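Colleague: Generate coordinates for the sequence data below:
(chains A and B)
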Amino acid sequence: MGAQPVGRIRFMDQQRVNLDGFAHEDVALGLKATDSPDDPSPSLVVRDGRVVEMDGRAAADFDTLDAMIAAHGVDLAVAEEAMALDDVAFARLFVDVDTSRAEVVRLCAGTTPAKLARVVGLLRPAELVIAMTKMRARRTPSNQAHVTNRLDDPLLLAADAATAAAFGFREIETTVPVLADAPSNAVAVTVGAAVASAGVLVQCSVEEAMELEMGIRGLVSYAETVSLYGTESVFVDGDDTPYSKAILAAAYASRGVKMRVSSGAGAEVLMGGAERCSMLYLESRCVSLARALGVQGVQNGGIDGASVAGAVPSGVRELMAENLMVMARNLEACTGNDALMSESDVRRTSRTLPILLAGSDYVCSGFGSIQRYDNMFGPSQWNAEDIDDWLAMQRDWGVDGGLRTADATEIGRLRREAAEACRDVYRYLGLADFTDEHVELAIDAVGSKDLGDPDPMVVLSAAQAIRGSGIGSLEVATALQECGYDEPARRVLDMLAARVHGDHLQTAAIFDESMQVLSLVTDPNDYAGPGTGYQPSPERQAEIDSIRQARGVEDLREDQALWAGSFLVPVGEAAQGSDPREVVIGVSPGVGRTVWRTLSGLPVAEVLRELLAGLEEEGCRARVVRVNSTLDLGMVGLVAARLSGSGIGIGLQGKGTALIHRRDLAPLANLELYSMAPIITPALYRLLGSNAGRHAKGATPVPARNPYTDEAIEARYHTSVIALVALERACVDATIGNEDLEVRW
Amino acid sequence: MTTAFSGRDSADLTVDRLTRSELQADDVRIHPDTLARQAAVAERHHNAQLAANLRRAAELALMSEEDVLGLYDTLRPHRASAEELEALAGRLDAVPAPLTAALVREAAEVYARRGLLR
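Modeller: Residues are numbered from 1 along each chain as shown, chains lettered A, B, ... in the order given. Below is the predicted model of the structure:
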């Protein structure tokens, strides 16, 4: 039995990062991020226009993935040039701002899976950021939300979809805990999204055949969970082949439905089918296959297996390299940051930040916009509680992570309209009747736990009715219109019209709020170094910068005015005192004029009351003087001390910082400083008063200990300090002199 | 403007017509010619594979919902024999859907080699 580790180690063991699993590299299990010794060496042999060997395997031994990639996925016109290019020279093209995206795309089209994995695997993290900035397909970044709940409650789904759209998500992905509920979820999310915004793409992720059926019937506008795997065995276990997926891809497009595939590290490892290959190589096979199938995009970067990649060395780097391979193959990248890969806020931020900085077609392939417990994909890397963090990170770096702040009143209004519209549509279509109480609960709900215990059969029978009677988005649009929701009805119809146009079938297509398609075709990424590429428009930058928590001096002036009173009345010029028991309390210029409340939330009047009580306990006589010439606390205290009969003064700033001074000291050399204004208690102010009194009597009091905190006290209060100082500075007037103040309670 | 599967002009997709119940499912269904046009756009933007997919989609656009769903199911592993896949390819030729038929024949060959036939 080992000895118990020392306290420092026990303390470290308790940190949340140690809830995560970390694995030794193990090639046999596929626990290797990049460069497994069993990854094949890149090779390509072409004879008579056909690939006869690829990555060390002869055509006769091709599995279904090889066969599809070799037949359709490699541009033989550039293959010889691309395969002959030195790996390092190739990797440098990704970060060379003088080599265009189009040129890298052209060359990558001629690479085999092993070649592309090897080249991208050479890029270091900062190089991945540059490469992603340059290589993503669409110029304008965007983001996708998960909107689901444990109950498949339609009213909550609608309210949450509206909320997600209000925060700026341009795609909403829902899914179900109960498969048969799927059509109901699709309708509810469609209604909610249309209430908040035009052009939001909606999908419902379920089993392939059911999802296709909903797409064909017009209940959803895109599909994403069309899974690809890096080995044939895992593929077949998933009841598909590359050829069935190719049919699926064409089937979606045949009804004007946008579609991307889903892959990512760790899936093969979890299914015991990694075949000793590295995660990056297996994923390169998936991405090559995606291109061969002719889909417009890929969701990867771990996804459900992200924590597997996170468990091995350089795993997070591998996840980003996966995304880059998608971009290099000229496809839309939906860059993971999906399933929660760590219990540690530091690690999950570390995993996501480079992609947020670089910008991606969809930074998250599912930001959980709802409660973690309501996320039927499992908790996301980012969840409802993180929306403000995300907005702050966008603002900190001045980058576009796809989200925007939303006004609290507007969110309330949209949730109401969405829940009511959904209730009315369900009633109109004869799907279900929901009570007013249920509507109210859904509007205010943080999550489904706030809904009580609704009857699950209501949703199930609504879903069966939708499926059975062939209700599609056209019927939903009609119902919205008939129930008086003209704008949402038009938005649903516009999404149907978009299907007829088919412009959103092109790579990386989203709709902006005026229904313009932004894609590789209409909004191509043109990054070529500093001063080029995507720059938020002034309007968009304002959205990023203007988070709802931001405050200015005027906000603080209004806050302070709420506490205004007339407890300090000037009674004349302050004269020199002579009573040896007198202690002068000097207050800064704004106290009782513009500043009424300290950073700790105490009214300044109450602070004065405590100081006076402390002085009284020591039998001292107090005089309150406003020092008008300065707001420097040391000087305020020193002026007070010089006016004081005892030679001891107290300085107090409106924000609550205080000190004890003596007339013969230098301005900055005080007796006691109470600097932690946000956490000074009334008892501490009373002690300050007492100690000043003891100093006045010539005693040596025990100095007060400043209160301690481990909170980010400066982050919390510095903006208020700046505004308070501005308010005080406006009151500074050196011509007035020092005024005696009468305190009136 | 774009013509829908039904032949209706997409400019006709208005809320007014919706209210008058004048719009049918095929009025909001994409036309094969539109898919062919999108294929040409994809080709111009350096993605021949996306173009090929959209051309197959143009073929499937002619088929019923049931036939499309059935086609997908038949291509899943161990669903069909070589003969059944060939028969399917023959039916696709008749649609006409020659590109999709070619893909099915290619799949049949690979499935036979990899043991994925029924």
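Colleague: Output the longest helix belonging to chain B.
Modeller: Looking across chain B with DSSP state H, the single longest helix is helix B:98-114.
Colleague: For that one, list every residue counted as buried.
Modeller: Under the neighbour-count criterion of 16 or more other Cβ atoms under 10 Å in any protein chain shown, helix B:98-114 has B:99-101, B:103-108, B:110-111, B:114 buried. Bear in mind the C-beta positions are built from the backbone N, C-alpha and C, glycine included.
Colleague: Closest to chain A out of these?
Modeller: residue B:107 (3.7 Å; Cβ to the nearest Cβ).
Colleague: excluding its backbone neighbours, what's nearest the closest one?
Modeller: Nearest residue to residue B:107 in three dimensions, chain neighbours excluded: residue A:243, at 3.7 Å (Cβ to Cβ, 6 or more residues apart in numbering or on different chains).
Colleague: what is the mean pLDDT for the strand or helix carrying that neighbour?
Modeller: Using DSSP states H and E, the element containing residue A:243 is helix A:242-254. Averaged over helix A:242-254, pLDDT sits at 97.
Colleague: Now it: buried residues?
Modeller: A:242-254.
Colleague: name the helices or strands packed onto that helix?
Modeller: helix A:64-68, helix A:208-216, strand A:222-227, strand A:258-262, helix A:279-293, helix B:48-60, helix B:65-75, helix B:98-114 (3 or more Cβ pairs under 8 Å, 6 or more residues apart in numbering or on different chains; DSSP states H and E).
Colleague: quick one: the last one to chain centroid distance?
Modeller: Taking Cα atoms, centre = their mean, to the nearest Å, one finds the center of helix B:98-114 at 16 Å from the center of the full chain.
Colleague: before we move on, what about stretch A:550-560?
Modeller: 27 Å.
Colleague: So for that stretch, what gets flagged as buried?
Modeller: Using 16+ other Cβ under 10 Å as the test for burial, stretch A:550-560 gives A:556-557, A:560.
Colleague: which residues are contacting it?
Modeller: Contact with stretch A:550-560 is made by A:594-597, A:719-720, A:723-724, A:726-727, as judged by Cβ atoms under 8 Å, 6 or more residues apart in numbering or on different chains.
Colleague: Tell me, please, where in the chain the pLDDT is lower than the cut-off.
Modeller: Answering for chain A, as no chain was given. A:1 (pLDDT under 70).
Colleague: Would you pull up the residue in it closest to chain B?
Modeller: residue A:294 (2.7 Å).
Colleague: That residue reaches residue A:252, doesn't it?
Modeller: No: contact criterion Cβ atoms under 8 Å: residue A:294 and residue A:252 do not qualify, at 11.1 Å.
Colleague: mind listing which of the buried residues of stretch A:550-560 are in strands?
Modeller: Judged by DSSP state E, the subset of those located in strands is empty.
Colleague: ok, so of those residues, who is nearest residue A:39?
Modeller: Distance to residue A:39, by Cβ to Cβ, is smallest for residue A:556 among the buried residues of stretch A:550-560, at 60.0 Å.
Colleague: So which residues on the stretch 201-350 of chain A come close to chain B?
Modeller: A:208-209, A:212-213, A:216-218, A:232, A:236, A:239-241, A:243-244, A:246-256, A:291-296, A:330-331 (Cβ under 8 Å from any Cβ of the partner chain).
Colleague: Enumerate every residue touching the closest residue in space to residue B:59 that isn't next to it in sequence.
Modeller: Among residues not flanking residue B:59 along the chain, residue B:97 sits closest, at 3.5 Å (Cβ to Cβ, 6+ apart). Listed by Cβ under 8 Å, 6+ apart, the contact partners of residue B:97 are B:56, B:59-60, B:62-63.
Colleague: remind me, longest helix of chain A?
Modeller: helix A:408-428.
Colleague: coming back round to it: show the contacting residues for the residue nearest to residue B:107.
Modeller: Contacts of residue A:243 (Cβ under 8 Å, 6+ apart): A:64, A:68, B:75, B:103-104, B:106-107, B:110-111.
Colleague: again, only this time at 7 Å
Modeller: Shown in contact with residue A:243 (Cβ atoms under 7 Å, 6 or more residues apart in numbering or on different chains): A:64, A:68, B:75, B:103, B:107.
Colleague: Equivalent analysis for residue A:145, please.
Modeller: With Cβ under 7 Å, 6+ apart, residue A:145 has these contacts: A:164, A:169, A:172, A:367, A:369.
Colleague: Over to residue A:471?
Modeller: Counting by Cβ under 7 Å, 6+ apart, residue A:471 has contacts residue A:429.
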